[in-house]
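> please work out how this folds:
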Amino acid sequence: MQAVGPFKLIGDVNADDLMVPMATYETPLWPSVARGARVAKHAGGIRVTLIDERMTRSILLQAPHAGIAAKHLSSIESRHAEMQAIVSESSRFAKLIDTHYQVVGNLIYLRLEFHTGDASGHNMATNAADKIIPWILAEYTDLRYVSISANYCTDKKVSAVNGILGRGKYVVCECTISEKYCKRFLKTTPQALVDLHIKKDLIGSIVAGGLRTANAHVANMLLGFYLATGQDAANIVEGSQAINHAEVTPDGDLYFSTTLPNLIVGSVGNGKGLDFVRQNLELLGCADPTAEPGVNSRRLACIAAATAFCGELSLLAAQTNPGELMQAHIKLERTHKN
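Modelled structure (predicted):
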């Protein structure tokens, strides 16, 4: 584990000279992310914008037939306030913000969406759903329970629904980098990087059959960040469904962004009691006990996203130059014995 940087963030989080801890066996990741952070800092910083946040749990119920399912769902959706009262009994932080559903035959897939304060919210959402189910079954007696989780959540699996409806924090990171800084720090040009982005991130992902994903290796940065900050590492599955966007500006500079719509992190909960995790959260400014609920976790999500952004920018730049990627791995990873 090493702290890399320094990072400069602007927008929804303002931070300068921020060092970000990452735990990884892929040692070239540290200098690569640091290079992305360095060039972005010289360019004025990474603008981070939190678009949305929610945690979900989908429950699975069964009706006698689809007609009854449709009728009851219409009624259930109109009783938001009653369900929120039940949710409030499960946690003082949980807040039901929306519901979505799908009907397949006589099966009801009901997706419940919550705000969960500073927690990533897996257990909070499940506990709230566990309290809602008995109420639904008591109010609509011809429905029956099938499962507390229906895979329409969708947790730790690649899906389209999370990107469309949202799960976790939705963060956009962006920066405009001059051609001079591209050449100086990234050893490439804006046009070369944009060209590679189109042919690799976009067309390559289409050829591979990627689902709502167009990035180089976001999972690498998320795993390093998640392990260092006590997150549920399995959530990199949906978290790495990220999309890069790059273009050459009219002035010949590079605009680059990384969008992560399914970023699941928390500053409290399981794993956060470990000594090194507490120290890392404090290092990142995400353990402020005086902050309003949700502030620490939103800051944490923005930093995680910025870390992914830096790794994406640096790797794509490296891959515009034949041999650079492998040479870096040989230099930084391989050991030679006599």
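> which parts of the lengthiest strand in the chain are buried?
When the chain is parsed with DSSP state E, its longest strand is strand 46-62. By 16 or more other C-beta atoms under 10 Å, the buried positions in strand 46-62 come out as 46-50, 53-61. Any C-beta I mention is one placed from the backbone N, CA and C, and that applies to glycine too.
> skipping adjacent residues, who's closest to residue 222 in space?
Nearest residue to residue 222, sequence neighbours excluded (C-beta to C-beta, 6 or more residues apart in numbering): residue 236, at 4.5 Å.
> that neighbour and residue 219 touch, don't they?
Yes: if you go by C-beta atoms under 8 Å, residue 236 and residue 219 touch, sitting 5.0 Å apart.
> middle-most residue in the protein, spatially?
Most central in the chain under C-alpha atoms, centre = their mean is residue 263, positioned 1.5 Å from the mean C-alpha point.
> residue 309 versus that one, what's the distance?
Noted for residue 263: a distance of 12 Å to residue 309, by C-beta to C-beta, to the nearest Å.
> shaky segments in this structure?
Within the chain, the ranges that satisfy pLDDT under 70 run 335-338.
> show me it divided up by domain.
Domain assignment for the chain by automatic domain parsing gives 2-52+168-333, 54-147.
> and those domains, which is most packed in?
Mean neighbour count (mean count of other C-beta atoms under 10 Å) peaks for domain 2-52+168-333 among those, with a mean of 20.
> mind checking how far that one is from the chain centre?
Computed by C-alpha atoms, centre = their mean, to the nearest Å, the chain-centroid distance of domain 2-52+168-333 equals 11 Å.
> about what we covered before: so the residue nearest to residue 222, which of the three states?
With DSSP: H, G, I helix; E, B strand; the rest coil as the basis, residue 236 sits in helix.
> now do the contacts for it.
Counting by C-beta atoms under 8 Å, 6 or more residues apart in numbering, residue 236 makes contact with 219, 222, 223, 226.
> with adjacent residues omitted, what lies nearest to the last one?
Counting by C-beta to C-beta, 6+ apart, residue 233 is the residue found nearest to residue 226 once chain neighbours are left out, at 4.8 Å.
> then the third one?
Nearest non-adjacent residue to residue 223, counting by C-beta to C-beta, 6+ apart: residue 236, 5.2 Å away.
> hmm, back to that, the nearest residue to the residue nearest to the centre of the chain once chain neighbours are set aside pairs with what?
Of all residues not flanking residue 263 in the chain, residue 169 sits nearest, at 4.4 Å (C-beta to C-beta, 6+ apart). Bridge pairing for residue 169 (DSSP bridges) gives the partners residue 53, residue 263.
> residue 295 reaches residue 289, doesn't it?
No: between residue 295 and residue 289 there is no contact under C-beta under 8 Å: 11.0 Å.
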